[in-house]
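Engineer: take this sequence and fold it.
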Amino acid sequence: MAGVELIATATFGLEAVVAREVRELGYDKVTVENGKVTFKAGESAICRANLWLRSADRVLVKMGEFPACSFEELFEKTKALPWPEWLPEDANFPVQGKSVNSKLFSVSDCQAIVKKAVVERMKQQYHRYWFEETGPRYAIEVALLKDVATLTIDTSGAGLHKRGYRKLASPAPLKETLAAAMISLTRWHPDLALIDPLCGSGTIPIEAALAGLNLAPGLKRVFAAEKWPAIPARLWQIARQEAEDTALRHEKLTIRGTDIDKDVLSLARYHARLAGVEKQIHWQQLPVAELRARQNYGYIICNPPYGQRLEDIPAVERLYREMGRVFKTLDTWSFYVLTAHRDFEKLFGRWADKKRKLYNGRIQCNYYQFFGPRQPRRDTRSTNP
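Structural biologist: Just a heads-up that it's a prediction; the model follows:
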């Protein structure tokens, strides 16, 4: 296969972040649409994209896209796609589906028709009438939007937020991919300090450390496509070796995670150890009211409680007021806060310089961005005459 069309799926609002990550990997034939970033590259891109994309949800092979207004049309056009180029004779290929604003609105019928069409195409290739599906998994999806069908195969397996370091969950955990995107949107640089004063089980500090050390987020896990015969094992070996060779494991970072709850801090330390960044993060049991910083410049990035339950709202609003008072003392720092509370700015006591709509799971949030003054440039010119 000389070239492959891939889709990096993205949570709504993060498409531009994912597109930037794709371009940073060296792939410039990029198309950005709602919920996805499509790009063309060699098959090694399947390996590199899965290993390196920090904010994407999955990496899919795009098999085809076509109008489909009848079940017959869906069947024939699906059957015409080159499934045997990807699926071996023993492939396990379940079919999932979704339909939005399309004449073919019965998802279960669409799934059944796509499954049948793939089987018919496989029969032509392998000259057999029954497939036991005991081999590698190829999760196929048929997505219908306004009578256009897009057929894909998932290369990732578990979602890309499954980095492999978060074995235990705290209440209301933040997805690793969203945490990585929050950091990316700040344009934080590893030379600067970063604090999460409500760090919970540590996702934001850990994702910052992974980025600061240039550690590929997928390095400690496996992907569905690693078992696919169509992708040579050497491509995965090369991609993993590249990730090892470009890691900056001995960089000094100034990252701090604080929380009032000692139990979640214990989880955070455990997760940091599994992620291989335990030496780069300082953890501290500390209420927000006692937050201080020795550095003149830095970034606070946090995901405080939202007060989704009525009984939690008074405590959450007190926390936001406290954050406003404490953060005000760090007048040269920049602050980035994700919350679903509509009155956050009023409670915090300052209007955000910028805000961006993001989704934490199914919860619509705003990412409030408060910019501190620009750090003076260091004068690197020699003082010698």
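Engineer: was I right to think residue 204 contacts residue 257?
Structural biologist: Yes - counting by Cβ atoms under 8 Å, residue 257 is a contact partner of residue 204 at 7.4 Å. Where C-beta positions appear, they are placed from N, C-alpha and C, glycine not excepted.
Engineer: contact partners for the nearest residue to residue 65 once chain neighbours are set aside?
Structural biologist: Distances taken as Cβ to Cβ, 6 or more residues apart in numbering place residue 150 nearest to residue 65, at 4.7 Å, with adjacent residues excluded. Listed by Cβ atoms under 8 Å, 6 or more residues apart in numbering, the contact set of residue 150 reads 62, 64-65, 142-144.
Engineer: can you pick the most crowded of these?
Structural biologist: Counting neighbours by other Cβ atoms under 10 Å, residue 142 leads the contacts of residue 150 with 25 neighbours.
Engineer: phi, psi of residue 355?
Structural biologist: In this entry, residue 355 is assigned phi and psi values of phi -140, psi 150 (degrees, to the nearest 10).
Engineer: relative to residue 337, how far out is it?
Structural biologist: To residue 337, residue 355 is 10 Å away according to Cβ to Cβ, to the nearest Å.
Engineer: joint contacts of these two?
Structural biologist: 367-368.
Engineer: between the contacts of residue 150, which is nearest residue 368?
Structural biologist: Using Cβ to Cβ, residue 143 is the member of these that lies nearest residue 368, at 32.9 Å.
Engineer: and that closest one, how far is that from residue 70?
Structural biologist: 17 Å.
Engineer: counting by contacts, list what the longest helix along the chain packs against.
Structural biologist: The longest helix of the chain (DSSP state H) is helix 107-126. Under the contact criterion of 3 or more Cβ pairs under 8 Å, 6 or more residues apart in numbering; DSSP states H and E, helix 107-126 touches helix 71-79, strand 95-100, strand 139-145.
Engineer: got the angle between it and helix 71-79?
Structural biologist: If you take axes from the mean of the first three to the mean of the last three Cα atoms, to 10 degrees, helix 107-126 sits at 40 degrees to helix 71-79.
Engineer: would you mark the buried spots in helix 107-126?
Structural biologist: Neighbour counts over helix 107-126 (16 or more other Cβ atoms under 10 Å) mark 107, 110-111, 113-115, 117-118, 121-122 as buried.
Engineer: now distance to residue 192 and pLDDT too, for those residues, in TSV please.
Structural biologist: Listed next are the buried residues of helix 107-126 as TSV, based on distance: Cβ to Cβ, whole Å; pLDDT from 0 to 100:
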residue	distance to residue 192	pLDDT
107	47	97
110	50	98
111	49	98
113	54	98
114	49	98
115	52	98
117	53	98
118	51	98
121	54	97
122	54	96
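Engineer: from those residues, which two are the most distant?
Structural biologist: Within the buried residues of helix 107-126, 107 and 122 form the most distant pair, 22.4 Å apart (Cβ to Cβ).
Engineer: circling back to that earlier point, residue 355 and residue 337: who's more crowded?
Structural biologist: Neighbour tally, residue 355 and residue 337, criterion other Cβ under 10 Å: the higher count belongs to residue 337, 26 against 16.
Engineer: could you look up the SS state of the more buried one?
Structural biologist: Assigned state for residue 337: strand (three-state reduction, DSSP: H, G, I helix; E, B strand; the rest coil).
Engineer: now the phi/psi pair for residue 32, please.
Structural biologist: As for residue 32, its main-chain torsions (degrees, to the nearest 10) stand at phi -110, psi 130.
Engineer: list the buried residues of stretch 252-266.
Structural biologist: 253-259, 261, 264-265.
Engineer: what about it, distance to the chain center?
Structural biologist: 22 Å (Cα atoms, centre = their mean, to the nearest Å).
Engineer: with stretch 221-236 instead?
Structural biologist: 20 Å.
Engineer: quick check: buried residues in that stretch?
Structural biologist: By neighbour count with 16+ other Cβ under 10 Å, stretch 221-236 contains the buried residues 221, 223-226, 228, 230-231, 235-236.
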